[in-house]
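Model the structure of this input:
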Amino acid sequence: MLWGRTAAFLGRSGQAMFCEDELRTQIFVDDPATLIVGDVVAARRRAALLLWWWLALGLQISWKKGTFAKTFKWIGVEVDLREKGAIIVTIPEAFANQVASLAEEILKSKAVSVDKVQQLAGKAGWAAGVAPGLWAHIAPLWAGCADAAPSLSVSR
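Numbers count the residues shown, from 1 in each chain. You can find the predicted model right below:
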């Protein structure tokens, strides 16, 4: 509960530093994703201001996870913003293969341990829930891009 409130403050206070058509930020547990509108110079300046704000508040940033690109990995999925007017979210192929392999193994067995069923349920549940769950976090970010460039469409 305490971390949830802290993350909400970090996201909201960081967002409040910018107009809605300049930057949108979303925090999922402890992984922030920020979409920044503008040319490279303006975008880098906005990113620096946001990061300095978070550093001033004492947030420890995992620099190795950061990226300044139109494609990135966030909360276990690949996000691609290169196609104009679209957002492409992909579950990693290795994960999908792992789930399929586990399901095939269970289907071929006459008896299955509870641990195996729980393992499959957990992995399949994440995969089935990632698209709608992730959309709830990406939609506000993408809407920020659409506000800045009205020709973009937001679709699921």
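
Contacts for stretch 67-79 next, please.
28-29, 31, 33, 43-44, 47, 80-82, 87-92, 95, 126, 130, 134, 137-138 (CB atoms under 8 Å, 6 or more residues apart in numbering). No exception for glycine: its C-beta is placed from N, CA and C like everyone else's.

Mark which of those residues are part of strands, please.
F28, D31, A33, D80, I88, V89, T90 (DSSP state E).

nearest to C19, of those?
Within the ones in strands among the contacts of stretch 67-79, proximity to C19 (CB to CB) peaks at A33, which comes in at 18.5 Å.

Can you add neighbour count and give the ones in strands among the contacts of stretch 67-79 back as JSON lines?
Formatted as JSON lines, the ones in strands among the contacts of stretch 67-79 follow (neighbours: other CB atoms under 10 Å):
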{"residue": "F28", "neighbour count": "17"}
{"residue": "D31", "neighbour count": "15"}
{"residue": "A33", "neighbour count": "17"}
{"residue": "D80", "neighbour count": "14"}
{"residue": "I88", "neighbour count": "11"}
{"residue": "V89", "neighbour count": "15"}
{"residue": "T90", "neighbour count": "11"}
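
Just give me the residue right at the centre of this structure.
W74 (4.1 Å; CA atoms, centre = their mean).

Distance-wise, check that residue relative to P92.
For W74, the distance to P92 equals 12 Å [CB to CB, to the nearest Å].

CA atoms only: put stretch 83-97 into CSV for me.
Output in CSV follows, covering the C-alpha atoms of stretch 83-97 (Å, rounded to 0.1, in the frame of the first residue of the first chain):
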residue,chain,number,x,y,z
GLU,A,83,4.1,2.3,-37.1
LYS,A,84,2.2,5.6,-37.4
GLY,A,85,-1.2,5.5,-35.7
ALA,A,86,-0.6,2.1,-34.1
ILE,A,87,0.8,0.5,-31.0
ILE,A,88,2.0,-3.1,-31.3
VAL,A,89,2.4,-5.1,-28.1
THR,A,90,4.0,-8.6,-28.5
ILE,A,91,4.4,-11.3,-25.9
PRO,A,92,7.9,-12.7,-26.3
GLU,A,93,8.0,-15.8,-28.5
ALA,A,94,10.1,-17.7,-26.0
PHE,A,95,7.5,-17.2,-23.3
ALA,A,96,4.6,-18.3,-25.7
ASN,A,97,6.6,-21.4,-26.7
